[in-house]
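Asker: need a structure here:
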Amino acid sequence: MEENNILRIAMSRRSTRRFSSEPIEVKDVLYAVQVALQAPSGANRQPWRFIIIFDPEIKRGVRHLCEEWERKFHESQSLPKWFKEWLEERNISWEKPFLEEAPALIIVLADKKAPYSRESTWLAIGYILLALEEKGLASLTYTPANPQVISRYLDVPLNYTLEAIIPVGRSGENKVKESRLGLEDTVCIDRWGNNLELSSFPLAGYTRV
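Answerer: Numbering: from 1, shown residues only. The predicted structure is shown next:
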């Protein structure tokens, strides 16, 4: 395996909200889900389930239902000022065209009866994102404001919660990856406050993102 291959993939991956109309291979989407099935889970219950949507009409229905609730969310007076500013800076509105434009949507569900179901399912989501990036596919983790409504629309059993919708396709935007904290900012050695000094732990090929 190529050295630092996973790191390279992780560093190149970015969230995409605009997708091209270029078709994608179903096998690549299934590959990403197959990778997700290898994620660890509480008591090995593997609580995740997936619905992969290709049908344009169903995607349009998901978008309509999501936007109906997103509009209320964005217009809410209870949204913190910093969050509104963050959304405005990135031109993120209640409109979610990516739910219809992306060739595929992966609906990620978690069995709420399983121990640590949410934590386990989000580990699997992380696996999916890296696998999609490996295949040259763009993605986004989107959690709708009305997951129960979407679940009913897709006939999801009541014991499953909708954790995320992942649009998948070719990127339709030239987006720069947002900055990330470095190892020196986030890692302590042995105890809190004993910050990592990379001069003591040199890493080949390490660069600050």
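
Asker: max-length strand in this protein?
Answerer: Ranked by number of residues, the top strand in the chain under DSSP state E is strand 160-169.

Asker: the residue nearest to residue 119 when sequence neighbours are not counted: what's it in contact with?
Answerer: Residue nearest to residue 119 in three dimensions, not counting chain neighbours: residue 42, with 7.0 Å by CB to CB, 6 or more residues apart in numbering. The way it works is simple: take the backbone N, C-alpha and C, and place the C-beta from them, glycine included. Contacts here follow CB atoms under 8 Å, 6 or more residues apart in numbering; on that basis residue 42 touches 114, 115, 116, 117, 119, 120.

Asker: give me the contact list for the helix-or-strand element of the chain with minimal mean pLDDT.
Answerer: None of the helices or strands of the chain scores lower by mean pLDDT, DSSP states H and E than helix 81-89, at a mean of 86. Residues from elsewhere that reach helix 81-89, judged by CB under 8 Å, 6+ apart: 74, 93.

Asker: give me that answer again for 10 Å
Answerer: Under the criterion CB atoms under 10 Å, 6 or more residues apart in numbering, residues 74, 76, 79, 80, 92, 93, 94 lie in contact with helix 81-89.

Asker: quick one: average pLDDT of the longest strand of the chain?
Answerer: Taken as a whole, strand 160-169 carries a mean pLDDT of 98.

Asker: could you list the buried residues of the helix or strand following that strand?
Answerer: The helix or strand immediately downstream of strand 160-169 is helix 183-186, counting by DSSP states H and E. With burial defined by 16 or more other CB atoms under 10 Å, not one residue of helix 183-186 is counted as buried.

Asker: what does stretch 47-54 give?
Answerer: The neighbour-count check on stretch 47-54 (16+ other CB under 10 Å) flags 47, 48, 50, 51, 53 as buried.

Asker: so, low pLDDT: which residues of the chain?
Answerer: 1-3, 202-209 (pLDDT under 70).
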